[in-house]
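[1] Sequence first, then the predicted structure:
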Amino acid sequence: MTTTTLAVLVPLLPFLGAAAGLFLGRTAPGFVRPLAVLPPLAALALAAIVAVRQGGDAAVDSATELTPTGSVPIELALHIDGFAALVAVLVAFVATCVQVYSTGYLRDDPRYPSYAALVSLFTSAMLLVVYSGDLIVLLVGWEVMGICSYFLVGHYWETPEARAASIKAFLVTKLGDVPFLIGLFALATDAGSFRVTKILSTVASGGLHHPTLIALLLLASVAGKSAQFPLHTWLPDAMAGPTPVSALIHAATMVAAGVYFIARLLPVFEASSAAMVVLAVMAAVTMAGSGLAALAQDDIKRVLAYSTIGQLGYMTGALAVGDRGAAVFHLLSHGAFKALLFLAAGVIIHASGTNSLAAMSRMGNLRARVPDAFWTMTVALLALAAIPPFSGFFSKESVLGAAEHAATGDTAHIPGAAGWIVLVAGLLAALLTAAYATRLWLLAFNGRGAEAPDHGRQPVAMNAVLWVLAVPSLALGGLAYRVLPDWFDGRDLTPTLTASVLGTGVALVGGIVTYGAWRHTSALAARTPLGAVAAHPEGDAGLVEAEAIASHTAAYGDVASAPDPADPGRLLLGPLHRHAAGGFHLDAVYAALFVRPVMAAASLVRFLDREVVDTYVRGAGTLPRLLGAAVRRAQTGNLQTYVSALLAGTVVLTVAVLLVATGA
């Protein structure tokens, strides 16, 4: 079987599994789980074969015209280079892990068949984006992912949070897709084709007439899809969906699509220095802001959501300095450890039987309760914090090394300002990442919160997936940076000495300072009434609880708004904590700038429609209605009245005629 045929089957198999799962979900429920797991598993095997056959050599290209358009053709095309081959393996691998994990996590969910089918469709759409060699076909997968995310984030549609989150995710990403579509058409107009290869050859020959405009239009959608500033606000709210969905979206689909798209068309962006600087600034603000926000969150999934935003900032930062090898390298390693982080968090939540345990301030005695989640999440957090020799160290230091080269002018066609922006923001983000990773580990597994009811050991499928994902989280980086250059245009991914020392140094500082702050706040918490309540959740609240409520109500107005005295994030952020916890109030800013004016304009239009337009319409009908009422009064049904009126009319007409004749 040819490589092209195998590549076509990779996105097709999950699609067929999704269709079969939806069809058989009610009639033959016993087939739902095999149909959920086997197609992505088969797609993973085929994607691995395609990657081995491609081997980092010349790209595999194949195309057939999909439909005649009369101008720019639309083709069903494949373009599989080393980047596409490896990203497809990541997507299929994470999707398979998520489907296996979900068989245990959602085993009692009545809507599991539709959920599993949507996950398979989501996977198929992302694989279509990865392999597609035509931008219109890529757009199809791009939009299908948006629809699937809407339904999956809103899986628990009974809750208002899930409904609001799904709508917000859909609208914000669609807001970015409008300029994306315009940019695609502008790009195809300049290149005369939607084919990726023809577009890249046009850029290489200098045939792109509007590079800055096109690049900025495309960046708007990337900001929405990959949750970059300023269109990142939908991703933390999307945590209202099932945790396996969060793992899929954050690790291998949806948010990875925007980074992958820029990597595939990076020469288009490099043709505009202004666009590269804008991309660098966007990445820098995203990295710094998301790190501060993650340090202030109490919900464990929201911490991980902001973490994803920051790690995507690293990837876009690498692209801003012209190194797509470092960007996709970090995308691959991040996919492994971020999927592990979310699925381990799902084990913690599942162990309590409720989502309420997602609040880290309420966690207690979890290390002994969920040992598999504890050890594997520890591995993933070390990878996230970029501590050697875990995978995140090698990929993140590759990004910092690329920024260092650009800052010193060693990278052609890349503004030095972009390199300095990414390097400084990357080091700050490394400090913040280690800080919130340490805080998460301390609060989740060494917290003083009340212990939730023990719902027994987790299903084998869930714990097994954690250990499977722990392997690449630990070993991928050390092996990959020696092997991957063959797939990544031959670029050297070895971390530089300067970037490694600086990156690891600031990470260690962040972790140590956070640990010291936690020890300090824990000591204070043990001496407060609220700390005494937390330390003895099963005891008699009595006077101790009354003193805690009274003291904290006096200080903060109500107990719900009182801070957890053992949270190091409050000590580290100080007065900035309140703003960081609310995402720096960007939603409020957008509400003031956009939502309220639109609502006011809608109210004005409604007023004009009801009070002005409808008034004219009602007025136009009033005169005929009055005339009709007058005529209706003349219809008395009395024959004598009709004859009298007839005679009177005859007399009037006769007199009128005589007067006219006499006057004449």
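    Received the coordinates, thanks.
[2] what residues are up against the closest residue to Leu576 other than its chain neighbours?
    In space, and not counting its chain neighbours, Leu576 is closest to Leu292: 6.9 Å by C-beta to C-beta, 6 or more residues apart in numbering. Yep, even glycine has a C-beta here, placed from its N, CA and C like the rest. Contacts for Leu292 (C-beta atoms under 8 Å, 6 or more residues apart in numbering) come out as 432, 573, 576, 580, 584.
[3] ditto for Leu366
    Neighbouring residues of Leu366 by C-beta under 8 Å, 6+ apart: 348, 351, 373-374, 444-445, 447.
[4] Low-confidence ranges, the chain, go.
    Within the chain, the stretches with pLDDT under 70 are 352-358, 364-365, 447-457, 478-481, 490, 525-565, 664.
[5] can you map out the strands along it?
    60-67, 74-80 (DSSP state E).
[6] Return the most buried member of those strands.
    Greatest average neighbour count among the strands of the chain goes to strand 74-80 (a mean of 21), per mean count of other C-beta atoms under 10 Å.
[7] of the contacts of Leu292, buried ones?
    432, 573, 580, 584 (16 or more other C-beta atoms under 10 Å).
[8] Okay, and which of those map to helices?
    432, 573, 580 (DSSP state H).
[9] Could you let me know which of these ends up closest to Val172?
    Using C-beta to C-beta, Ala580 comes nearest to Val172 of these, at 20.4 Å.
[10] and the closest one, what is it in contact with?
    Counting by C-beta under 8 Å, 6+ apart, Ala580 touches 292-293, 295-296, 573.
[11] and which of those is nearest Ala591?
    Ala591 has its nearest neighbour among those in Ala293, at 18.0 Å by C-beta to C-beta.
[12] these two touch, right, that closest one and Leu586?
    No - using C-beta atoms under 8 Å, Ala293 makes no contact with Leu586, being 9.7 Å away.
[13] So if I had to pick from those two, which one is more boxed in?
    Ala293 (28 against 16; other C-beta atoms under 10 Å).
[14] For Thr67, see how far away that one is.
    Per C-beta to C-beta, to the nearest Å, Ala293 is found 45 Å from Thr67.
[15] rewinding a little: mind checking which of the contacts of Ala580 land in helices?
    292-293, 573.
[16] which residues touch Glu270?
    By C-beta under 8 Å, 6+ apart, the residues touching Glu270 are 276, 322, 413-414.
[17] Put the buried members of those residues into a PyMOL selection.
    Those of those that count as buried under 16+ other C-beta under 10 Å are selected in PyMOL with:
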select buried, resi 276+322+414
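[18] now the contacts of Glu270 as TSV including distance to Phe329?
    Converted to TSV, those look like this (distance: C-beta to C-beta, whole Å):
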residue	distance to Phe329
Met276	19
Gly322	14
His413	21
Ile414	18
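[19] So which of the contacts of Glu270 is the closest to Leu127?
    Nearest to Leu127 out of the contacts of Glu270 is Gly322 (C-beta to C-beta; 26.9 Å).
[20] how about the nearest residue to the closest one once chain neighbours are set aside, phi and psi?
    Leaving aside its sequence neighbours, Gly322 sits nearest to Ile414 (C-beta to C-beta, 6+ apart; 4.5 Å). Backbone torsions for Ile414, taken as degrees, to the nearest 10, come to phi -110, psi 120.
[21] Distance of Ile414 relative to Ala274?
    Taking C-beta to C-beta, one finds Ile414 at 12 Å from Ala274.
[22] and what of Leu573?
    For Leu573 relative to Ala274 (C-beta to C-beta), the value is 34 Å.
[23] do Val605 as well
    Val605 sits 38 Å away from Ala274, taking C-beta to C-beta as the criterion.
[24] do the same with Pro495
    Noted for Pro495: a distance of 30 Å to Ala274, by C-beta to C-beta.
[25] Which one's more surrounded, these two?
    A count of neighbours by other C-beta under 10 Å puts Pro495 above the other of Pro495 and Ala274, at 25 against 12.
[26] Backbone torsions only: list them for the more buried one.
    Dihedral angles (degrees, to the nearest 10) for Pro495: phi -60, psi 140.
[27] so it makes contact with Phe394?
    Yes - using C-beta under 8 Å, Pro495 makes contact with Phe394 at a distance of 6.2 Å.
[28] hang on, the earlier thing: quick one: which of the buried ones among the contacts of Leu292 is nearest to Pro597?
    Of the buried ones among the contacts of Leu292, the one sitting nearest to Pro597 (C-beta to C-beta) turns out to be Phe584, at 21.1 Å.
[29] who's in contact with that closest one?
    Phe584 touches 289, 292-293, counting by C-beta under 8 Å, 6+ apart.
[30] export those residues to JSON lines and tack on distance to Tyr156?
    As requested, those are exported to JSON lines (distance: C-beta to C-beta, whole Å):
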{"residue": "Gly289", "distance to Tyr156": "28"}
{"residue": "Leu292", "distance to Tyr156": "29"}
{"residue": "Ala293", "distance to Tyr156": "24"}
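[31] Please enumerate the helices of the stretch 101-250 of the chain.
    112-131, 135-153, 160-191, 196-204, 211-225, 234-237, 243-251 (DSSP state H, counting those that start in this stretch).
[32] and the shortest one, what does it pack onto?
    Using 3 or more C-beta pairs under 8 Å, 6 or more residues apart in numbering; DSSP states H and E as the contact criterion, the neighbours of helix 234-237 among helices and strands are helix 160-191, helix 300-320.
[33] Just name the most buried of these.
    Taking mean count of other C-beta under 10 Å, helix 300-320 is the most buried of those, at a mean of 28.
[34] Give me the helices and strands touching that helix, please.
    Against helix 300-320 (3+ C-beta pairs under 8 Å, 6+ apart) you get helix 234-237, helix 243-251, helix 255-264, helix 273-294, helix 324-352, helix 391-407, helix 416-446.
[35] Convert that helix to PDB, retaining C-alpha atoms only.
    These are the backbone C-alpha positions of helix 300-320, laid out as PDB (Å, rounded to 0.1, in the frame of the first residue of the first chain):
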ATOM      1  CA  ILE A 300      -6.600  22.900  39.200                       C
ATOM      2  CA  LYS A 301      -8.000  22.800  35.600                       C
ATOM      3  CA  ARG A 302      -7.800  26.500  35.200                       C
ATOM      4  CA  VAL A 303      -4.200  26.500  36.300                       C
ATOM      5  CA  LEU A 304      -3.500  24.000  33.600                       C
ATOM      6  CA  ALA A 305      -5.500  26.000  31.100                       C
ATOM      7  CA  TYR A 306      -3.400  29.100  31.700                       C
ATOM      8  CA  SER A 307      -0.400  26.900  31.600                       C
ATOM      9  CA  THR A 308      -1.400  25.800  28.100                       C
ATOM     10  CA  ILE A 309      -1.800  29.400  27.000                       C
ATOM     11  CA  GLY A 310       1.700  30.200  28.200                       C
ATOM     12  CA  GLN A 311       3.300  27.100  26.600                       C
ATOM     13  CA  LEU A 312       1.600  28.000  23.300                       C
ATOM     14  CA  GLY A 313       3.200  31.400  23.800                       C
ATOM     15  CA  TYR A 314       6.600  29.700  23.800                       C
ATOM     16  CA  MET A 315       5.700  28.000  20.500                       C
ATOM     17  CA  THR A 316       4.500  31.200  18.800                       C
ATOM     18  CA  GLY A 317       7.600  32.900  20.200                       C
ATOM     19  CA  ALA A 318       9.800  30.300  18.500                       C
ATOM     20  CA  LEU A 319       7.900  31.000  15.300                       C
ATOM     21  CA  ALA A 320       8.400  34.700  15.800                       C
END
